[in-house]
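**Student:** Could you look at this predicted model? Sequence included:
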Amino acid sequence: MARVAVLHNTLDFQGGADAVCLATCEALASAHDVTLVTASETEPAALADRFGYDLDGVAVHVPPLGRAVAGVLSVAAPRIGPQLAARSAFLQRSFERIADRFDVAISTANELDLPIPSVQYVHYPQFRLDRLPDGDPGRLDRLWSRLSAPSDDTLMGPDVTLLANSAWTADVVDRLYGTRPAVVHPPVDPVECETPWTDRENGIVTVGRFAPDKRPLDAIRIVDEVRERGHRVHLHVVGSAPRAYRDYAARIAAAAAERPYVTVERDVGRARLETLLCTHRYGLNTKPEEHFGMSVAEYVAAGMVAFAPDSGGQREVLDEREDRLFDSVSDAADLVSDAASDGEPPSTARDRFARDRFGAALRDAVDRTVD
């Protein structure tokens, strides 16, 4: 049994990366002594309950001033822009003080320069983004990179096992650091649905953080256009609204209030989410270049017909199908309208990303790193 630290910069955004963190803790707790190290306002147990993970046996360590720093960054987010790298730099420096208590560190918060052997799960690189033509580094990227970015040699070294959430992300890491991670897709179990396809509502569900990069307002515009094409569809916009995006969440609520066919549901529990997924026909994602697409995989796992932008890791989730991937709002409206006219049930396998596969891969990576 190894002493394992799972490092996660913040659970406050309550998205797919946070689900991966909780799944990692759950998968390793049965075989190792696990401590979750995070600087978050969000309580891990509350988020685990919402996402359906079991953290029994997992200790939680919040660095000194961790919650205060998280609170300040959340309040300042609308003014300072991207902040994940800043949170990671704070977490890494805090962890260095206690690293000797552990045998191995697991970063579920992307690449870090860590003082002990590590498994690093990259959702998307967080440092050196100014070196990517389409990167979004923010004003202080070079500072955070100087403080916490690992060197190329570190990530290629024998003490680091590097993983990525999709082949697309692995290619980005390779371009940035000169080494390609192994691909371990995030865990998404099949959703047990009792409602047959023919009895499901002719409606759309879009799930994700209420944030500009997720573009939920595009989902509302897509439904507007589908209805203009004669299909009486409705939309559920479902997600979390962290304090960092409170202004944007208000814009979503205002847009929904103008449309009787759009409903906004915030911070729903797992049971309510599965009810929505199992009783509606269509799932819609609107973020371009999604690094993997947890919500897209959940639509598939619930037996929905799923649609997503034609970019990023979500192309892998949807098997690169041209009738499911779009380039614009109008293109998406065309695809959804065609699907509504055809009425054909989904054909994509629902168990491709099951949780037991993810857990086995993480345990194997930890065992190899400890050995």
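**Tutor:** Arrived safely, thanks for sending.

**Student:** Strands along the stretch 201-350 of the chain, start to end?
**Tutor:** In the stretch 201-350 of the chain, the strands defined using DSSP state E, counting those that start in this stretch lie at 201-207, 235-239, 262-266, 280-284, 305-309, 325-326.

**Student:** which outside residues touch the third one?
**Tutor:** Yep, that's strand 262-266 we're talking about. Counting by C-beta atoms under 8 Å, 6 or more residues apart in numbering, strand 262-266 makes contact with 210, 220, 223, 234-241, 249, 252-253, 255-256, 272, 276, all of which sit outside it. All C-beta atoms are positioned from the backbone trio N, CA, C, and that covers glycine.

**Student:** And for the fourth one?
**Tutor:** Contacts to strand 280-284, defined as C-beta under 8 Å, 6+ apart, come from residues 197, 200-207, 219, 222, 233, 235-236, 277, 295-296, 298-300, 302, 304-308, 332, 336, 339-340.

**Student:** Quick one: mean pLDDT over that strand.
**Tutor:** In this model, strand 280-284 carries a mean pLDDT of 98.

**Student:** How far off centre is that strand?
**Tutor:** Taking C-alpha atoms, centre = their mean, to the nearest Å, one finds strand 280-284 lying 19 Å from the centre of the chain it belongs to.

**Student:** could you give the angle of that strand to strand 235-239?
**Tutor:** Put simply, strand 280-284 runs at 60 degrees to strand 235-239, going by axes from the mean of the first three to the mean of the last three C-alpha atoms, to 10 degrees.

**Student:** what angle sits between strand 280-284 and strand 201-207?
**Tutor:** Orientation check (the same axes, to 10 degrees): strand 280-284 against strand 201-207 gives 30 degrees.

**Student:** Can I get strand 280-284 in PDB, CA atoms only?
**Tutor:** The C-alpha atoms that make up strand 280-284 are tabulated as PDB, following Å, rounded to 0.1, in the frame of the first residue of the first chain:
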ATOM      1  CA  HIS A 280     -35.000  13.200 -23.600                       C
ATOM      2  CA  ARG A 281     -33.800  12.200 -27.100                       C
ATOM      3  CA  TYR A 282     -31.000  14.700 -27.800                       C
ATOM      4  CA  GLY A 283     -27.900  15.900 -26.100                       C
ATOM      5  CA  LEU A 284     -26.100  19.000 -27.300                       C
END
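
**Student:** Relative to it, what are the paired strands and their orientations?
**Tutor:** According to DSSP bridges, strand 280-284 has the following sheet partners: strand 201-207 (parallel), strand 305-309 (parallel).

**Student:** Out of the ones you listed, which is the most enclosed?
**Tutor:** Most buried of those, by mean neighbour count (mean count of other C-beta atoms under 10 Å): strand 305-309, with a mean of 26.

**Student:** Please list the outside residues in contact with that strand.
**Tutor:** With C-beta under 8 Å, 6+ apart as the criterion, strand 305-309 contacts 281-290, 293, 296, 299-300, 314-315, 317-318, 324-327, 332, 335-336, 339, 344-346, 348.

**Student:** Extract the C-alpha set from it and format it as CSV.
**Tutor:** These are the backbone C-alpha positions of strand 305-309, laid out as CSV (Å, rounded to 0.1, in the frame of the first residue of the first chain):
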residue,chain,number,x,y,z
VAL,A,305,-28.4,11.2,-30.0
ALA,A,306,-25.5,13.5,-29.3
PHE,A,307,-24.2,16.6,-31.2
ALA,A,308,-21.0,18.5,-30.7
PRO,A,309,-18.6,20.9,-32.5
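
**Student:** Is residue 135 located within a helix, as I assumed?
**Tutor:** No: going by DSSP: H, G, I helix; E, B strand; the rest coil, the assignment for residue 135 is coil, not a helix.

**Student:** which non-adjacent residue is nearest it?
**Tutor:** For residue 135, ignoring the flanking residues on the chain, the nearest one in space by C-beta to C-beta, 6 or more residues apart in numbering is residue 129 at 3.4 Å.

**Student:** Could you check the pLDDT of the one you found?
**Tutor:** In the prediction, the pLDDT value recorded for residue 129 is 85.

**Student:** go on, residue 347?
**Tutor:** pLDDT recorded at residue 347 is 85.

**Student:** ok, now residue 98?
**Tutor:** Confidence score, pLDDT, at residue 98: 97.

**Student:** tell me, how many neighbours does the residue nearest to it when sequence neighbours are not counted end up with?
**Tutor:** Sequence neighbours aside, residue 61 is the residue nearest to residue 98 in space, at 7.3 Å (criterion: C-beta to C-beta, 6+ apart). Counted with other C-beta atoms under 10 Å, the burial measure for residue 61 works out to 17 neighbours.

**Student:** what's the closest of the strands paired with strand 280-284 to residue 227?
**Tutor:** Go through the strands paired with strand 280-284 one by one with C-beta to C-beta and the one that ends up closest to residue 227 is strand 201-207, at 10.7 Å.

**Student:** CA atoms only: put that closest one into PDB for me.
**Tutor:** C-alpha atoms of strand 201-207 as PDB (Å, rounded to 0.1, in the frame of the first residue of the first chain):
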ATOM      1  CA  GLU A 201     -39.500  13.700 -25.000                       C
ATOM      2  CA  ASN A 202     -38.700  15.500 -28.300                       C
ATOM      3  CA  GLY A 203     -36.300  17.700 -26.300                       C
ATOM      4  CA  ILE A 204     -32.700  18.700 -26.000                       C
ATOM      5  CA  VAL A 205     -30.400  18.700 -22.900                       C
ATOM      6  CA  THR A 206     -27.200  20.600 -22.700                       C
ATOM      7  CA  VAL A 207     -25.000  20.000 -19.600                       C
END
